[in-house]
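Novice: sequence-free structure coming up:
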């Protein structure tokens with residue numbers, strides 16, 4: 001019974017990490033769009049490093065196209081998820097567009 005509880009709690013921790021990654025990515029896209037593409041990506045990465053001090057999570061932003069004051073940007077979050085019970089570490093990437 002104890003092993004089952006530890007396994008279920010480990011998978012719950014992974015799910016929380018994945019939800020955090022999705023939230024951070026969506027928040028970064030919203031910040032980029034609401035600032036009219038003038039947000040500093042380094043400041044977003046500093047804030048992420050405060051929340052996740054391992055340094056394994058970071059945002060990249062690349063301009064895909066630009067017309068006048070309008071841009072299309074590819075926003076990518078690189079992150080790592082840890083499964084503590086089994087000592088498994090997996091890298092992940094979430095990509096989305098800021099328009």
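Specialist: That came through, no problem. None of these values were measured; they are calculated from a predicted model. Numbering: from 1, shown residues only.
Novice: Could you use CA atoms for every contact and neighbour count after this?
Specialist: Will do.
Novice: Low-confidence ranges, the protein, go.
Specialist: Where the chain drops to pLDDT under 70, the residues are 55.
Novice: Which strands and helices lie in contact with the longest strand seen in it?
Specialist: Criterion DSSP state E: the longest strand present in the chain is strand 70-83. Strand 70-83 sits against helix 2-34, strand 58-67, strand 88-98, with contacts defined as 3 or more Cα pairs under 8 Å, 6 or more residues apart in numbering; DSSP states H and E.
Novice: quick one: contacts of that strand?
Specialist: Strand 70-83 has contacts (Cα atoms under 8 Å, 6 or more residues apart in numbering) with 10-11, 13-14, 17-18, 21, 25, 28-29, 36-37, 56-66, 88-99.
Novice: just the angle between that strand and helix 2-34, please?
Specialist: 170 degrees (axes from the mean of the first three to the mean of the last three Cα atoms, to 10 degrees).
Novice: Quick check: closest non-adjacent residue to residue 60.
Specialist: Once flanking residues are discounted, residue 60 sits nearest to residue 76: 5.1 Å by Cα to Cα, 6 or more residues apart in numbering.
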